[in-house]
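Asker: Next input, structure requested:
(one chain, ligands or ions: 1)
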Amino acid sequence: LRAAQIEFWTSLLRGEVREPVPPVTVDLGCGLGRFSGLLRDLFGGSVIGLDRSARMLEAARTDPTLTGARWLQASAEAVPLASGSTGLVFSYLVLHHLRDRPTALRECARILAPAAILFILNSTVESLDSYVWVPFFPFARAIDLARLPTRVGVLTMGAAAGLSVERHRTVRNPVSPGLRAYAARIASRTLSTLQLVPDDEFARGSAEFTRYCEREDRGQPVESEIDLFVFRRPTT
Ligand SMILES: C[S@@+](CC[C@H](N)C(=O)[O-])C[C@H]1O[C@@H](n2cnc3c(N)ncnc32)[C@H](O)[C@@H]1O
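Answerer: Numbering: from 1, shown residues only. You can find the predicted model right below:
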């Protein structure tokens, strides 16, 4: 995470979690551990980064800034942690990758201690068009519309998993320091949706998007919307 993102997420999470968090925080679908260090620094105790990808976890494990975190290769649909063992579960841009979302949410509910919080941050069908790159890649937009959850879908799934819904809100997420930097990120094709589009659409969209960014860059940060869902495990 860039400094501006660390500042943004620190302030947001501090505002959301006012009570002390019991010892273990799980970064579910942690990837390279982008958020694991932040969670460790914010909530203390120990952080477990869980991901199904051995490659991602290996990179996280060897990242010198992530000392103190533990890494667990597992599926979100079958979490090898004891029931009630977790003080907070955080999951950023993972939900739409899961094959069995209801089971994963039930697993979150199971591992949370009574009154502990689950944060889900994810794009939704409703927030997709806030991404400035989306109109340049119609095929990618169609892929995401088919795989992203709806807002009501996430809320319903959480409730069905036995969690109480604390809050849903849309957050303006600082995704890049500027349009030119964002064009370079899009051109690197690291976004999973862009890896799924045909090469010719990617090449055309990326060239058009880069031209757009060069023309429109005013040195302002680029933001997009992300949905924040806060669930809590009931005490009884
Ligand atoms: C878009 S990345 C987000 C990574 C990280 N949360 C971040 O924001 O940098 C999605 C991650 O979810 C992981 N993932 C996908 N399906 C999973 C599953 N069923 N169980 C655990 N992890 C999963 C992927 O391996 C990948 O690291």
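
Asker: Contacts only, for Gly205.
Answerer: Neighbouring residues of Gly205 by CB atoms under 8 Å, 6 or more residues apart in numbering: Trp133, Phe136, Phe137, Ala140, Val197. In this view, the C-beta of every residue, glycine as well, is placed from N, C-alpha and C.

Asker: Closest one of the residues you listed to Ala181?
Answerer: Trp133 (12.6 Å; CB to CB).

Asker: And for the closest residue in space to that closest one that isn't next to it in sequence, the neighbour number?
Answerer: Excluding the flanking residues, the one nearest Trp133 by CB to CB, 6 or more residues apart in numbering is Ile186, at 5.1 Å. For Ile186, the count of nearby residues is 23 (other CB atoms under 10 Å).

Asker: helices or strands next to the strand or helix carrying Ile186 in the packing?
Answerer: Ile186 belongs to helix 179-187 when elements are defined using DSSP states H and E. Helix 179-187 sits against strand 164-176, helix 199-216, with contacts defined as 3 or more CB pairs under 8 Å, 6 or more residues apart in numbering; DSSP states H and E.

Asker: Just checking, which helix or strand succeeds it along the chain?
Answerer: Toward the C-terminus from helix 179-187 - assigned by DSSP H and E - lies helix 192-195.

Asker: So which of the helices and strands packed on helix 179-187 is nearest the ligand?
Answerer: strand 164-176 (10.9 Å; CB to the nearest ligand atom).

Asker: Show me what counts as buried in the closest one.
Answerer: Neighbour-count burial for strand 164-176 flags His168, Val171, Asn173, Pro174, Val175, Ser176 (criterion: 16 or more other CB atoms under 10 Å).

Asker: Surely the fourth one and Gln220 touch.
Answerer: No - in this structure, Pro174 sits apart from Gln220 without contact. The criterion is CB atoms under 8 Å, and the distance is 10.5 Å.
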